[in-house]
Structures are given as C-alpha cells and as structure tokens.
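> for reference, the sequence and a predicted model appear below.
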Amino acid sequence: MFVKICGLKTLADVDAVKRAGADAMGVVLSQTSVRAVTIQHAQELVAAGHDALRTVVVVHDLTIVEALAAVREIGADVLQLHDYSEADTRLAVSVSGLEVWRATSITRGSAVVGAYGEDALLLDSSTPGSGATWDLSMLDERPEGRWLLAGGLNPENVAEAISIAQPWGVDVSSGVEVSRGVKDHDRIQRFVAAARSK
C-alpha cells in the first residue's frame with residue numbers, strides 16, 4: 001500500500017514521515033491553506049525528504065504556469081493538481097521528467113485514472129484538506145490503476161477504508177494532526193502502520 005503524508009511544514013515532520021516508513025510526502029503551495037509554505041521553505045522540506053520519499057507539490061489556486069515554475073524551482077518529483085482543467089493537466093503532463101497526479105472528488109471530476117493524461121488519480125472529499133469523510137459507496141465502480149484514496153482518513157479508520165475501496169494508495173493530512181495544520185508525529189506512525197496492516 002502506497003502511503004502519502006501531506007501538508008508537511010517542518011523538517012521534524014519530514015523526519016517523522018521517513019521514520020514511519022511512508023512512501024511520499026506532500027507540501028502545499030496555496031494562498032488559502034493553513035498548511036501552505038513558501039517556495040523557499042518547500043525547497044528545504046523537499047531536499048530533506050528526497051533521500052527516502054517521493055516528493056509532491058500540491059496546488060489548487062495557482063495558475064498552471066505558476067505551478068509548473070514552482071515545482072521546477074522546488075525540485076519535487078510530482079505535481080499534484082487539485083481541480084485543474086483537462087487542458088492545464090495535459091500541459092503539465094507534457095513537461096518531460098515531471099510526474100503529474102490529478103486530484104478531484106467523486107462528484108466533480110472523472111474517476112478514470114489517466115482521463116486527462118495524468119500518472120495517478122487522487123479521489124478526495126468535496127473539500128480537500130478539511131478532514132471531511134465521504135461515502136465510499138458512491139464509488140459505483142472502483143478506479144483501475146494508480147489511484148489514491150483521501151478525505152477523512154485517520155489511523156483509526158484507514159484500514160477499513162482500504163478494505164472497502166481497495167485503492168492503490170492512501171493520502172492523509174488533517175487525520176494526522178494534533179491541531180489544524182500541526183502534524184502529530186505519533187499519529188503519522190500509527191497511520192502508516194494501520195494502512196500497511198491490510
């Protein structure tokens with residue numbers, strides 16, 4: 001099970017994610033998120049994680065040109081686009097050497113992996129980063145291929161969610177926090193262990 005811990009803000013967070021044995025870390029570039037970091041800080045976090053983790057830059061309110069410039073400057077492996085158009089996603093996909101993940105909700109976008117040419121699909125709640133859960137029964141047909149389940153996951157429910165949805169991977173942010181935007185390193189450890197228990 002591929003596990004991504006998102007919304008990291010400190011070097012101690014990166015260390016905790018590495019110690020827990022997760023596969024990927026995410027940093028958020030946004031004008032509105034409590035988890036947002038600057039490009040310069042994102043560079044530091046990504047550099048600290050590169051030896052052990054896939055590094056992901058998460059965007060939702062930058063233009064695609066700004067997002068591509070930022071991920072290039074930061075040096076991350078993956079650009080995760082939340083609710084970007086097909087044209088913007090395909091533009092990102094055309095960039096050589098960049099992996100692109102498309103993030104959407106089951107009610108807003110196509111749940112077909114690769115529908116916009118992306119390398120992986122992340123299915124989130126209707127309010128990404130909110131910690132809100134969503135009804136997994138809405139998945140009439142499970143996506144095939146590289147797709148990540150997100151939205152309302154935490155150490156207590158992730159194993160059951162994996163059993164129901166059978167994703168390729170899981171992504172968590174608020175579910176491993178002690179307060180909004182502040183990661184709980186023990187919860188990160190427990191989340192990864194629970195996700196891998198299935």
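Okay, I see it.
> for the chain, give me the ranges with low pLDDT.
Applying pLDDT under 70 to the chain flags the ranges 107-109, 125-141, 198.
> for Val78, see how far away Glu118 is.
10 Å (Cβ to Cβ, to the nearest Å). Where C-beta positions appear, they are placed from N, C-alpha and C, glycine not excepted.
> now for those two: what residues contact both?
Common neighbours of Glu118 and Val78 are listed as Val100, Trp101 (criterion: Cβ atoms under 8 Å, 6 or more residues apart in numbering).
> more neighbours: the two, which one.
More neighbours sit around Glu118 than around the other of Glu118 and Val78, counting by other Cβ atoms under 10 Å; the figures are 25 against 19.
> separation between that one and Pro167?
Glu118 sits 15 Å away from Pro167, going by Cβ to Cβ.
> which residue ranges form the helices in the protein?
In order along the chain, the chain carries the following helices (DSSP state H): 11-20, 39-49, 64-74, 86-93, 158-165, 185-195.
> and the last one, what's buried?
Residues of helix 185-195 classed as buried under the neighbour-count rule (16 or more other Cβ atoms under 10 Å) are His185, Arg187, Ile188, Gln189, Arg190, Phe191, Val192, Ala194, Ala195.
> a markdown table for the helices of the chain, including distance to Gly26?
A markdown table is the format used below for those (distance: least, Cβ to Cβ, whole Å):
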| stretch | distance to Gly26 |
| --- | --- |
| helix 11-20 | 10 |
| helix 39-49 | 10 |
| helix 64-74 | 12 |
| helix 86-93 | 16 |
| helix 158-165 | 16 |
| helix 185-195 | 13 |
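> out of those helices, nearest to Val172?
The closest of the helices of the chain to Val172 is helix 185-195. By Cβ to Cβ, the value is 5.7 Å.
> and the closest one, what does it pack against?
Using 3 or more Cβ pairs under 8 Å, 6 or more residues apart in numbering; DSSP states H and E as the contact criterion, the secondary-structure elements in contact with helix 185-195 are strand 2-5, helix 11-20, helix 158-165.
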